[in-house]
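Asks: Attaching a predicted model along with its sequence, questions to come.
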Amino acid sequence: MTDSTPLPKSIATVSLSGTLPDKLEAAAAAGFDSVEIFEADLLSFDGTPRDVSRMASDLGIGISIFQPFRDFEGMEPAQLARNLTRAERKFDVMGELGTDLLLLCSNIQESTVNDQARAAADLSLLAERAGQRGFKIAYEALAWGRHVKFWRQAWDIIKRVDHPAFGLALDSFHTLALGDNLTGIGEVPGEKIFFMQLADAPRLTMDVLSWSRHYRNFPGQGDFDVAGFVRDALRAGYRGPLSLEIFNDEFRAGPPRPMALDALRSLIWVEAEAGHTKLPPAPVLGGFEFIEFAVDAPAAERLAAVLGTLGFELTGRHRSKAVNLYRQSEVNIVLNAEPDSSASEHFVRHGPSVCALALKVDQVAPTLARASALLSPTWAERTGPGEHRIPAVREPDGTLLYLVEPADAAAMWTQDFNLAPPAEPKPAASLNIDHIAQALTPGSMDRFVLFYRTLFGLTPEPTIEFADRFGLIRSRTMKSPNGNVRVVLNISESPATETARFVSEAAGPGVHHVAFATPDILTATQNARAAGLTALPIPANYYEDLAARFGLDDDTLAELEKRGILYDRDAHGDFRHAYTPSFSGRFFFELLERHGYQGYGASNAPIRLAAMARQRELGK
Ligand SMILES: O=C(O)c1ccc(O)c(O)c1
Ligand SMILES: [Mg+2]
């Protein structure tokens with residue numbers, strides 16, 4: 001095997017929802033090589049271990065390990081004898097399952113003695129029994145183990161046991177949650193690392209047991225350096241499976257098949273991030289080339305009127321389809337009313353709403369190759385003769401994400417559209433797309449984070465929470481390294497929040513607002529007002545508080561209040577923003593002016609949400 005051969009990929013059955021057969025089928029369908037059989041999944045399965053073995057082999061997957069065996073070492077002699085008997089029973093099960101590896105967690109019992117020599121003596125007995133039957137034990141330090149919490153402590157004991165059937169199991173969660181790392185792993189011969197479990201997690205302040213049992217997630221979804229962990233283990237010579245072991249309430253509640261695909265995507269990505277394999281590079285992003293709305297003729301007319309108030313002009317008509325292009329400086333908005341298209345399908349299901357986004361990428365081909373390597377197939381709309389074919393990938397909610405190279409963009413517009421002559425530039429009122437915000441179905445935040453991070457190299461910022469009048473919104477923002485693409489992801493488990501209403505009333509998740517940056521928000525809002533659009537009204541109390549918080553002068557405050565402009569400041573600069581009223585309750589636009597400010601006005605989100613709820617209640 002050459003050194004960069006991909007490692008086998010495995011997943012613990014505890015990571016997926018459903019029955020044991022559901023889990024095995026999902027893992028096999030995604031393309032995993034093997035599964036860890038989690039004992040509780042076997043115990044609740046109505047069939048023999050032999051049936052499980054047969055099912056796995058029929059599906060073409062192996063069983064990498066049986067887990068967990070617990071609380072063995074350092075107990076009083078009578079208990080040790082019982083534990084050895086218990087082990088023999090588990091060896092019988094392993095024989096039927098057809099796996100030779102048993103995961104043993106470090107003892108968590110209060111009664112286990114703090115004595116490495118004793119632990120090693122006990123474990124030697126276990127190793128000897130396992131070895132006689134052709135089995136091996138992988139010993140794992142649980143972060144909440146009574147005396148063995150760190151992998152080095154497990155390794156010290158393994159050295160004392162010094163038995164070919166007894167080796168180390170590494171689990172990235174236990175190591176990284178304790179703030180530890182694999183420094184020193186070079187001392188462990190590669191073949192003594194019997195198994196490696198991977199999990200990421202958000203940084204949380206809580207007891208490590210609850211953290212581990214509820215908040216683990218796939219590599220790339222949390223805050224741990226899982227790639228660094230894999231790199232160190234590979235450098236030490238580990239060549240066994242990369243296996244996901246994810247205890248997560250949301251994952252357990254989601255459908256197993258898409259979850260298994262995300263799982264494998266995360267492993268393929270982390271193996272490449274660790275430098276072991278190579279993926280086609282993530283694209284350099286140049287922003288959004290266009291945003292496409294699914295409409296019918298009446299919605300198109302109303303939306304064109306709103307866009308008109310923001311300075312957009314009808315710039316092109318599609319040569320063969322009911323599709324119009326509206327342009328304002330560099331921003332392209334496409335209104336698609338073509339029957340029998342993916343847009344019309346979207347319109348029928350969701351009403352007027354964003355059905356596609358287009359990203360400017362430096363190179364399309366490697367981006368598609370990367371997406372495909374990460375299990376996201378290319379999608380292509382049917383095209384008329386001579387029309388430009390724009391490849392796309394689908395976001396986890398099905399929204400199309402088109403990929404456009406700069407060289408192709410101009411050709412796409414000129415070939416497919418009858419374009420009006422370019423409009424006079426109006427620099428003071430010019431816009432560009434600052435960010436898009438998406439409302440997600442509960443339980444899908446991690447899926448979106450993984451998608452944008454692995455395919456496009458966007459980095460997530462920590463989750464924040466803000467209050468809606470009817471519950472909590474959790475929000476995570478993601479940004480490309482050059483800052484050209486920013487995405488806000490919002491989720492709410494409370495059914496009556498504005499975010500949850502968007503998802504339920506629009507019959508699914510999607511883009512709920514598009515934010516345009518302007519160099520001059522006073523002029524932009526003034527122009528919009530003159531053209532008939534009044535910004536979402538903001539209560540006077542808000543401006544009272546602004547005065548108190550930021551010490552803005554009276555004239556500035558009066559200007560902001562008159563135009564419904566909200567204000568924020570961070571260490572880098574300040575921020576002004578205003579919102580259009582919602583369009584049929586489905587989406588809205590934001591105008592914003594940034595001066596160094598890095599955020600998205602989250603502190604103003606409760607004000608915006610309440611103002612939108614008020615408008616909804618007034619039937620506006
Ligand atoms: O939470 C647990 O008990 C548990 C069991 C097995 C593991 O491999 C692990 O990391 C945790
Ligand atoms: Mg583990």
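Replies: Thanks, I have it. Ligands and ions are numbered 1, 2, ... in the order given.

Asks: what does the chain put close to ligand 1?
Replies: By Cβ under 6 Å from any ligand atom, the residues of the chain that approach ligand 1 are 67, 68, 103, 105, 140, 142, 171, 197, 212, 213, 245. Yep, even glycine has a C-beta here, placed from its N, CA and C like the rest.

Asks: can you tell me which of these are in strands?
Replies: 67, 68, 103, 105, 140, 171, 197 (DSSP state E).

Asks: Show me which of these is closest to ligand 1.
Replies: Using Cβ to the nearest ligand atom, residue 68 is the member of those that lies nearest ligand 1, at 3.9 Å.

Asks: sorry, back to before: now that we have the ones in strands among the residues of the chain next to ligand 1, which of them are buried?
Replies: Using 16 or more other Cβ atoms under 10 Å as the burial test, these include 67, 68, 103, 105, 140, 171, 197 as buried.

Asks: Now do the fifth one against residue 532, distance only.
Replies: Separation of residue 140 from residue 532 (Cβ to Cβ, to the nearest Å): 66 Å.

Asks: just the fourth one next, same as before
Replies: According to Cβ to Cβ, residue 105 stands 67 Å off from residue 532.

Asks: Give the rounded mean pLDDT of the longest helix anywhere in the chain.
Replies: Of all the segments of type helix in the chain, defined by DSSP state H, the longest one is helix 77-97. For helix 77-97, mean pLDDT is 98.

Asks: With only the CA atoms kept, save it in PDB.
Replies: Below are the C-alpha coordinates for helix 77-97, written out as PDB (Å, rounded to 0.1, in the frame of the first residue of the first chain):
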ATOM      1  CA  PRO A  77     -10.700 -10.200  43.000                       C
ATOM      2  CA  ALA A  78     -14.300 -11.600  43.000                       C
ATOM      3  CA  GLN A  79     -15.300  -8.800  40.500                       C
ATOM      4  CA  LEU A  80     -12.300  -9.500  38.300                       C
ATOM      5  CA  ALA A  81     -13.300 -13.100  38.100                       C
ATOM      6  CA  ARG A  82     -16.900 -12.100  37.100                       C
ATOM      7  CA  ASN A  83     -15.500  -9.600  34.600                       C
ATOM      8  CA  LEU A  84     -13.400 -12.300  32.900                       C
ATOM      9  CA  THR A  85     -16.400 -14.500  32.600                       C
ATOM     10  CA  ARG A  86     -18.300 -11.500  31.100                       C
ATOM     11  CA  ALA A  87     -15.500 -11.000  28.600                       C
ATOM     12  CA  GLU A  88     -15.700 -14.600  27.500                       C
ATOM     13  CA  ARG A  89     -19.400 -14.100  26.700                       C
ATOM     14  CA  LYS A  90     -18.600 -11.100  24.600                       C
ATOM     15  CA  PHE A  91     -15.900 -13.000  22.800                       C
ATOM     16  CA  ASP A  92     -18.600 -15.500  21.900                       C
ATOM     17  CA  VAL A  93     -20.700 -12.700  20.400                       C
ATOM     18  CA  MET A  94     -17.700 -11.400  18.500                       C
ATOM     19  CA  GLY A  95     -17.100 -14.800  17.100                       C
ATOM     20  CA  GLU A  96     -20.700 -14.800  15.700                       C
ATOM     21  CA  LEU A  97     -20.400 -11.200  14.500                       C
END
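
Asks: how many other residues sit next to residue 22?
Replies: The local packing of residue 22 (other Cβ atoms under 10 Å) involves 16 other residues.

Asks: any idea how far residue 534 lies from residue 563?
Replies: Counting by Cβ to Cβ - residue 534 and residue 563 are separated by 9 Å.

Asks: Those two: which is more packed in?
Replies: residue 563 (20 against 13).

Asks: Now for that one: which residues touch it?
Replies: Contact analysis of residue 563 by Cβ atoms under 8 Å, 6 or more residues apart in numbering lists 521, 522, 525, 526, 529, 535, 578.

Asks: Pick the one among those closest to ligand 1.
Replies: Closest to ligand 1, out of all of the contacts of residue 563 and judged by Cβ to the nearest ligand atom, is residue 578, at 48.8 Å.

Asks: Just the CA atoms of the strand or helix carrying the closest one, as PDB, please.
Replies: Assigned by DSSP states H and E, residue 578 falls within strand 573-579. Output of strand 573-579 as PDB, limited to C-alpha atoms (Å, rounded to 0.1, in the frame of the first residue of the first chain):
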ATOM      1  CA  GLY A 573     -16.000  49.800  13.000                       C
ATOM      2  CA  ASP A 574     -19.700  50.700  12.600                       C
ATOM      3  CA  PHE A 575     -22.700  49.400  10.700                       C
ATOM      4  CA  ARG A 576     -26.000  50.800   9.500                       C
ATOM      5  CA  HIS A 577     -28.800  48.700   8.100                       C
ATOM      6  CA  ALA A 578     -32.500  48.800   7.100                       C
ATOM      7  CA  TYR A 579     -35.000  46.200   6.000                       C
END
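
Asks: and it, which residues are buried?
Replies: Buried residues in strand 573-579, counted by 16+ other Cβ under 10 Å: 575, 576, 577, 578, 579.

Asks: quick one, what contacts the residue in the stretch 51-200 of the chain positioned nearest to ligand 2?
Replies: Residue nearest to ligand 2 within the stretch 51-200 of the chain: residue 171 (3.6 Å; Cβ to the ion). Neighbour list for residue 171: 140, 141, 196, 197, 198, 199, 245 [criterion: Cβ under 8 Å, 6+ apart].

Asks: Spatially, what comes nearest to the residue of the stretch 251-400 of the chain found nearest ligand 1 if we skip its sequence neighbours?
Replies: In the stretch 251-400 of the chain, no residue comes nearer to ligand 1 than residue 252, which is 13.5 Å away by Cβ to the nearest ligand atom. Nearest in space to residue 252, with sequence neighbours left out and distances taken as Cβ to Cβ, 6 or more residues apart in numbering, is residue 17 at 5.1 Å.

Asks: ditto for residue 342
Replies: Residue 342 sits nearest to residue 381 (Cβ to Cβ, 6+ apart), 6.0 Å away.

Asks: tell me, how many neighbours does the one you found end up with?
Replies: 16.

Asks: Show me the beta-bridge partners of residue 459.
Replies: Residue 459 has the following beta-bridge partners by DSSP bridges: residue 479.

Asks: can I assume it is in contact with residue 483?
Replies: No. At 10.8 Å, residue 459 does not count as touching residue 483 under the criterion of Cβ atoms under 8 Å.
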